[in-house]
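*Asks:* sequence? don't have it. structure:
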């Protein structure tokens, strides 16, 4: 899959260094999982999970800039169980040097369209950590509606216009 500026690809077992480049950065991981950098072990366990998810065209995919092939972040449709219901979350991370350049919105929009059009999902969600102003702005720009708050996360859903 690709957008105007990005190309996405599945994770492979050779992508540990790319993933660890992101997961070891405190600012990038501030609003992801436990809110801090991941250990090498956490990163390896997550890489294995991402590879497994990718078999079903779900989970996180690496996002590269089309022009220079530089890693921008990772994004995709993340399987979640929320209040006993299977959900797909539109998730994305952007490497800090690329913040505020529209890459978060571009990734989120692409995966939301993929989920609705290709996977025929009627609903997708975003789980946004409290205080993550950038992701709240992306959710608002995608016309998502706030459904509630659970465990320090905002739950938003909606269909792109």
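*Replies:* Cool, the structure landed. Small disclaimer: the values here were computed from a predicted structure and weren't measured.
*Asks:* OK, contacts around residue 86?
*Replies:* Residue 86 makes contact with 79-80 under the criterion Cβ atoms under 8 Å, 6 or more residues apart in numbering. (Each C-beta comes from the backbone N, C-alpha and C, glycine too.)
*Asks:* what's the answer for the one 3 residues further on, then?
*Replies:* Residue 89 makes contacts with 77-80, 124-127, as judged by Cβ under 8 Å, 6+ apart.
*Asks:* partners of the longest strand along the chain, with directions?
*Replies:* The longest strand of the chain (DSSP state E) is strand 71-82. When pairing is defined by DSSP bridges, strand 71-82 lines up against strand 59-65 (antiparallel), strand 85-94 (antiparallel).
*Asks:* Let me know which of those is the nearest to residue 33.
*Replies:* Nearest of those to residue 33, taken as Cβ to Cβ: strand 85-94 at 10.9 Å.
*Asks:* List the buried residues of that closest one.
*Replies:* Of the residues in strand 85-94, 87-94 count as buried by neighbour count, 16 or more other Cβ atoms under 10 Å.
*Asks:* all helices for this protein, in order.
*Replies:* Counting by DSSP state H, the chain has helices at residues 16-23, 26-29, 40-54, 103-113, 133-141.
*Asks:* Any stretches of the protein with poor pLDDT?
*Replies:* For the chain, the stretches flagged by pLDDT under 70 are 139-161.
*Asks:* Neighbours of residue 34, how many?
*Replies:* Residues lying near residue 34 (other Cβ atoms under 10 Å) number 8.
*Asks:* Cool, thanks, signing off.
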